[in-house]
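> Structure of the sequence below:
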Amino acid sequence: MAIIELHEDELEALGLVSRSWKEILRDQLLNSDPPSMSVQVECRAFAQAIRLTFIEGPLTDEFITVGFGPRSAGFGNIDIDLKDPQISMTAFELIPTEDKAQIKNLDPMNITLNKEAFNTETLKDGDTIQIASSTLKVTFL
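The predicted structure follows:
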């Protein structure tokens, strides 16, 4: 019987080491040339910071506070990761307005605001966002 010893880089070259999407993205960004064109997104502060408190789901009793936007949220999202595999990667977007913030539903089959279907709505203090098994409470700070 022969024993073959392979190093991690050899296993990786053979496709026998699995890496997370974050590791793959990091490697791609480090090993690629900068893009020749840039995309500009206007970033603005929310009139009041928004706290999203998880009252049900995988992140129960945790919260996320955002002070500027637009911000996108979803499972595995590089901006706001909701950590619920039942949620799409880009489920909703938070958009600053002059006096509050709007929520834009990017997954209308799976998200409700205060138990009602919606496309884009202005958020109010105390609103609840239901998405898959997660429920988030909106608080303006």
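> least trustworthy helix or strand in this protein by mean pLDDT?
Ranked by mean pLDDT, DSSP states H and E, the helix or strand of the chain with the weakest confidence is helix 8-13, at a mean of 67.
> Okay, strands next: where are they in the chain?
For the chain, the strands defined by DSSP state E occupy 44-56, 63-69, 71-74, 80-81, 92-96, 101-105, 111-113, 120-122, 128-131, 134-140.
> wait, doesn't Val41 sit right on Gly69?
No. Using C-beta atoms under 8 Å, Val41 is not in contact with Gly69; the gap is 9.7 Å. All C-beta atoms are positioned from the backbone trio N, CA, C, and that covers glycine.
> Which residue of those two possesses the greater neighbour count?
Under the neighbour definition other C-beta atoms under 10 Å, Val41 and Gly69 were set side by side, and Gly69 has more, 21 against 6.
> So what pairs up with the residue nearest to that one when sequence neighbours are not counted in the strands?
When the adjacent residues along the chain are set aside, Gly69 lies closest to Pro96, with 4.6 Å between them (C-beta to C-beta, 6 or more residues apart in numbering). Using DSSP bridges, the beta-bridge partners of Pro96 come out as Ala101.
> correct me, but Pro96 touches Glu42?
No. Contact status for Pro96 versus Glu42: not in contact, 9.2 Å apart, counting by C-beta under 8 Å.
> List the buried residues in the longest helix along the chain.
For the chain, the helix with the greatest residue count under DSSP state H is helix 21-30. Buried residues in helix 21-30, defined by neighbour count with 16 or more other C-beta atoms under 10 Å: none.
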